[in-house]
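**Q** structure of the sequence below:
(chains A and B)
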Amino acid sequence: MGRRDTAAPLDVPPAIELRGISKAFGTVQANKDISIRVMPGTIHGIIGENGAGKSTLMSILYGFYRADSGEIFINGKKTEIHDSQDAIRAGIGMVFQHFKLVPNFTVLENIVLGAEDGALLRPSLAKARRVLDELAREYELEVDPDAVVEDLSVGHQQRVEILKALYRHADILILDEPTGVLTPAEADHLFRILKNLKEQGKTIILITHKLREIMEVTDTVSVMRRGEMTATVRTAETSPEQLAELMVGRKVLLNVPKAPASPGATVLEVEDLRVTDADGVERLKGISFQIRAGEILGIAGVAGNGQSELLAVLGGIMKGQGRVRLNGEELDLTGRHSDGQSRRARGIAHVPEDRQRLGMILDFTAWENVAFGYHHDPAYQKNRWLMDNDAILRDTMGKMERFDVRPPIPTLQAKNFSGGNQQKIILAREIERNPDLLLVGQPTRGVDIGAIEFIHKRIVELRDAGKAVLLVSVELDEIMSLSDRIAVMFDGRIMGERLPEQTDERELGLLMAGVANGKGDAR
Amino acid sequence: MDFSTLVQILDSTMRLATPLLLACLAGLYSERSGIFDIGLEGKMLMAAMCTGAVAALTGSVWLGMLAGIGGSILFALVHGLASITFRGNQLISGVALNFVASGVTVLIAQALFRQGGRTPPLSGDARFNPIELPFAAQLADIPIIGPLYSDVLSGHGALVYVALLAVPVTWWVLFRTRFGLRLRAVGENPASVDTAGVSVIRLRYTAVIITGILCGLAGAYLAAGLQTGFGKEMTAGRGYIALAALIFAKWRPWHALMATFLFGFFQALALRPDVIRGTLGFDVPVPALDALPYVLTVIVLAGFVGRAIPPRAGGEPYVKER
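**A** Numbering: from 1, shown residues only, chains lettered A, B, ... in the order given. Down below sits the predicted model:
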């Protein structure tokens, strides 16, 4: 890049200008007097923690919400945006984090939906096919127009979303956390597409919490914190550390410092583990690995390649075939001791990937959630028949203090805590049981940078206390910085093991894409 | 079973399948838009009562039919209000409306006519008169085809043909028009429609009103075609059979035609125990025949005949996410 000077001439009005946008939900001020200017033909990043107000701001721009006050100017013209139709008319296209596609429609039908030319479909579809062909050639956005969307890879589905916006003549493209679901190779391709769009004069707003992406593709970046825009800087003149500090409001360690591992005896031995799901599909196709005491094994991979099933089998949620030994003793994988309760009794703690579904009950209070899975603990019993709720409450208060859960109110419903604090509650519940093996899936998904640092520290502490940790994460940064060894999964198999200091994201990315030795040519 | 008996049974299959088909297509529009409607039964009943009453009062079946459609749409709108605007539970709303219909129809009929909750018997122009299809008389003597055309296909009330026509029309609307594309989309993923700048609420209300119209036709046919006036609970579970047919048909129009005619055939057979005895050599209890549609539906739902996947957003009120 850098071929084109990103600073537009002074006489060109900004593609988007927001002046004094404020929006409150009840007593929560989601956006506070936000002003921002984005010049045409640039990529502008918006970065901030969860709940900083990024999505609210973009929803206002796309007509999902109306601002309480403030003005929007598109290409220098004051524009009222009441609904999505207005936004589309103003040339704004949005690619949501969760795609808004109809899964059993074809690509063509999805593109045309809402932008039909008349009451009959045939002419609209024919025109869309023509336009799609042109767009594909112009922007490297090839997709089969007749493919059914649910059969497409996530990367291709995202292309359909971008094409949808372009088909509606969008000049301003907003992408909300676009790389969360992509492989590194797909993300690279996306960035090429974005740069390409920029070259053609499109304006792009990229919302993300990944500092690396901001540094890689944006020209300018705005930082949001607690509903306010704290800074707007040129990307070339800032650093990841500075951005992190602006986001959190204090200095943050992006990489948790950790001493070299001193692994002890083997804790977990997995041999030829196989899992077949309810639909008869084999999800784990013979997996073998070991974890020793005082060691973190990181499992990298694109979501859906068997990592979830691996955690589920070891955690006692699914049944499987093969041999798994914990401290030399065989684990029951199919019989009546293959449930979660038995696993806990054997010293395996599990922080599940989907914490809101498997980790807690959102409508229950924090203290009730702390007791889950350990409600048979004698310390929680008053007598043979009754539970000692006061004891659990006291225990929860202690855990909240030690794990810095905010607000430290044990009687609050779990759903009223932020993602990071929910995760801390679960982590406290599992780690303080002093397990021999901790299974932890996506520990920092949807968690703020500040809380990420805390959670990472706790996981490393557990390792230093001589415990074994199995870490599953789709975030390569997390895998790289926490793991003592890295295994990459693809299509139910382990493609290879690497040491973090002897590999890089490129090699891991290739393994994640199923290239066997990790040395193939990147597409 | 000889050929003339078969012709008789097929003839009555046509009549019995018609309300099922209309109600089934009615449910198809609503459910394709993501609004489950267990209240087909209630809407039909309401329409039957309105039709019976107005046709008896005015002597015109057409005015009666319009009244039936009106009554049915009224119920459809209440269901829409509960499930679209107020985002209530669609099953509860539907069940409640069925109960209301069951009581209120008898109440009104009794208040108007004082005949034990029935409407007076209809005759002449107050009923749907049979329509002779062209050349029915001339073709009647051709073997096989003749009776099938003249005695089975020809000679029914207008709504039988309306119902048959509604099948290709529904298919065309669903798969060849802008409205159909949006309707299918809103039942699968309303957010996709919303972000495209199309109103989810308006689409769903439109679908629910179409459901009301078709249920109205079904009820009108019951009161002024199949029978001669409204009687208490005269729908006799047809709304539920239509719902079963809809699942059996996997929410597709042509399959709905086949499913409702199959179920209509069972109903026609149930009326002729003599034929069953003659064919099979033993008695089949009528309740067993009545239960057949439901048994078949359970088999389909259990996944023996391919999977029946309902519209994915069905039953879920749409709430804009943050």
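
**Q** for A:G335, grab the count of nearby residues.
**A** Burial of A:G335 is recorded as 9 neighbouring residues (other CB atoms under 10 Å in any protein chain shown). All C-beta spots, glycine's among them, are computed from the backbone N, C-alpha and C.

**Q** kindly report the same for the one 5 residues further on.
**A** Residues within reach of A:G340, counting by other CB under 10 Å, total 16.

**Q** show me the helices in the stretch 51-200 of chain B, by range?
**A** According to DSSP state H, counting those that start in this stretch, the stretch 51-200 of chain B carries its helices in the segments B:61-80, B:90-113, B:136-139, B:145-147, B:158-176, B:178-188, B:190-195, B:200-221.

**Q** can you tell me the residue of chain B closest to chain A?
**A** B:A196 (2.6 Å; CB to the nearest CB).

**Q** enumerate the residues of the stretch 101-250 of chain B near chain A.
**A** For the stretch 101-250 of chain B, the contact set with chain A under CB under 8 Å from any CB of the partner chain comprises B:175-182, B:184-185, B:188-189, B:191-198.

**Q** any idea which residue sits dead centre in chain B?
**A** Central residue check for chain B by CA atoms, centre = their mean: the C-alpha nearest the mean position is that of B:A23, 1.6 Å away.

**Q** does it count as helix, strand or coil?
**A** For B:A23, the assignment made with DSSP: H, G, I helix; E, B strand; the rest coil gives helix.

**Q** distance check, it against B:P310.
**A** Distance of B:A23 to B:P310, given as CB to CB, to the nearest Å: 17 Å.

**Q** which of the residues of the stretch 101-250 of chain B next to chain A count as buried?
**A** In those, burial by neighbour count holds for B:177-182, B:184-185, B:188-189, B:191-198, counting by 16 or more other CB atoms under 10 Å in any protein chain shown.

**Q** how is chain A carved up into domains?
**A** Per automatic domain parsing, the structural domains of chain A span A:16-248, A:266-361+A:436-512.

**Q** what bits of the chain have low per-residue confidence?
**A** If you meant another chain, say so; for now it's chain A. A:1-10, A:516-523 (pLDDT under 70).

**Q** hm, I was asking about chain B
**A** For chain B, residues meeting the criterion pLDDT under 70 lie at B:1, B:303-306, B:321-322.

**Q** chain center to stretch B:43-63: distance?
**A** 16 Å (CA atoms, centre = their mean, to the nearest Å).

**Q** A:E282: which of the helices of the stretch 51-200 of chain B is closest?
**A** Closest approach to A:E282 among those is made by helix B:178-188 (29.2 Å; CB to CB).

**Q** extract the CA atoms of the closest one and return them as CSV.
**A** What follows is helix B:178-188, C-alpha atoms only, in CSV (Å, rounded to 0.1, in the frame of the first residue of the first chain):
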residue,chain,number,x,y,z
ARG,B,178,-40.9,-10.6,-5.2
PHE,B,179,-43.5,-11.0,-2.5
GLY,B,180,-42.9,-14.8,-2.4
LEU,B,181,-39.1,-14.3,-2.1
ARG,B,182,-39.6,-11.9,0.8
LEU,B,183,-42.2,-14.1,2.4
ARG,B,184,-39.9,-17.2,2.4
ALA,B,185,-37.0,-15.1,3.6
VAL,B,186,-38.9,-13.6,6.5
GLY,B,187,-39.8,-17.1,7.7
GLU,B,188,-36.2,-18.3,7.5
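
**Q** what's it in contact with?
**A** The contact list for helix B:178-188, computed with CB atoms under 8 Å, 6 or more residues apart in numbering or on different chains, reads A:102-105, A:109, A:112-114, A:116, A:118-121, A:124, B:29, B:31-34, B:172-174, B:192-193, B:198, B:200, B:203-204, B:206-207, B:311-314.

**Q** show the subsequent helix or strand relative to the helix or strand A:E430 falls within.
**A** Here A:E430 sits within helix A:419-431, counting by DSSP states H and E. Note on helix A:419-431: by DSSP H and E, the next helix or strand toward the C-terminus is strand A:437-441.

**Q** got the angle for that next one vs helix A:419-431?
**A** 160 degrees (axes from the mean of the first three to the mean of the last three CA atoms, to 10 degrees).

**Q** figure out how far strand A:437-441 is from the centre of its chain.
**A** Using CA atoms, centre = their mean, the offset of strand A:437-441 from its chain centre is 18 Å.

**Q** equivalent analysis for stretch A:114-132, please.
**A** With CA atoms, centre = their mean, you get 35 Å for stretch A:114-132.

**Q** please identify the buried residues of that stretch?
**A** A:G114, A:A115, A:E116, A:L121, A:S124, A:L125, A:A128, A:L132.

**Q** considering only these, which also neighbour chain B?
**A** Applying CB under 8 Å from any CB to these, one finds that A:G114, A:A115, A:E116, A:L121, A:S124 fall near chain B.

**Q** closest to chain B among these?
**A** Closest to chain B, out of all of these and judged by CB to the nearest CB, is A:G114, at 2.6 Å.

**Q** before we move on, back to that, which residues touch the residue nearest to the centre of chain B?
**A** Counting by CB under 8 Å, 6+ apart, B:A23 has contacts B:L40, B:M44, B:L214, B:C215, B:A218, B:R238, B:G239, B:A242.
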